[in-house]
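*Asks:* Fold the following for me, if possible:
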Amino acid sequence: MASITIDISDEQLQKLQALARESGISLEDLLRARIEDWLSHPTREFAQAANYVLKKNAELYRRLA
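*Replies:* Below is the predicted model:
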C-alpha cells in the first residue's frame with residue numbers, strides 16, 4: 001500500500017476531523033472512503049478539469065517527455 005502526504009489548512013483539518021467524529025470513524029477511514037467513492041464515480045466536472053489541465057500544459061508535457 002502506498003502513502004501520500006498533502007498540506008491542508010488547520011481549518012480544513014478540523015472540518016475533516018469533525019466529519020470523521022460525526023461518522024464514528026477515523027479520519028483515515030473517512031478519507032479512504034471518499035477517495036474510493038471519487039475514483040469509482042468520477043464526476044463530469046473532474047473530467048473537464050483534467051482535460052483542461054492536460055490541454056493547457058500539453059507543450060510543457062511534450063518538452064518534458
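*Asks:* I'd like the distance between L39 and L54.
*Replies:* Going from L39 to L54 by C-beta to C-beta, to the nearest Å gives 18 Å. All C-beta spots, glycine's among them, are computed from the backbone N, C-alpha and C.
*Asks:* ugh, typo on my part, it should be T5
*Replies:* According to C-beta to C-beta, T5 and L54 sit 25 Å apart.
*Asks:* When the two are compared, which one has more neighbours?
*Replies:* Neighbour comparison, T5 and L54: the larger count goes to L54, with 10 against 4 (by other C-beta atoms under 10 Å).
*Asks:* Helix or strand: which one has that one?
*Replies:* helix 44-56 (DSSP states H and E).
*Asks:* in the chain, which spans are strands?
*Replies:* Counting by DSSP state E, the chain has no strands to list.
*Asks:* Just want the most central residue of it.
*Replies:* Nearest residue to the geometric centre of the chain (C-alpha atoms, centre = their mean): I35, 6.6 Å.
*Asks:* ok, it - contacts?
*Replies:* If you count contacts by C-beta atoms under 8 Å, 6 or more residues apart in numbering, I35 has none.
*Asks:* again with I8
*Replies:* By C-beta under 8 Å, 6+ apart, the contact set of I8 is L16.
*Asks:* quick one: low-confidence parts of the protein?
*Replies:* 42 (pLDDT under 70).
*Asks:* Show me where it has its helices.
*Replies:* Assigned by DSSP state H, the chain shows helices spanning 10-23, 27-40, 44-56, 58-64.
*Asks:* For these, give me JSON lines that also has distance to M1.
*Replies:* Listed next are those as JSON lines, based on distance: least, C-beta to C-beta, whole Å:
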{"stretch": "helix 10-23", "distance to M1": "20"}
{"stretch": "helix 27-40", "distance to M1": "10"}
{"stretch": "helix 44-56", "distance to M1": "24"}
{"stretch": "helix 58-64", "distance to M1": "28"}
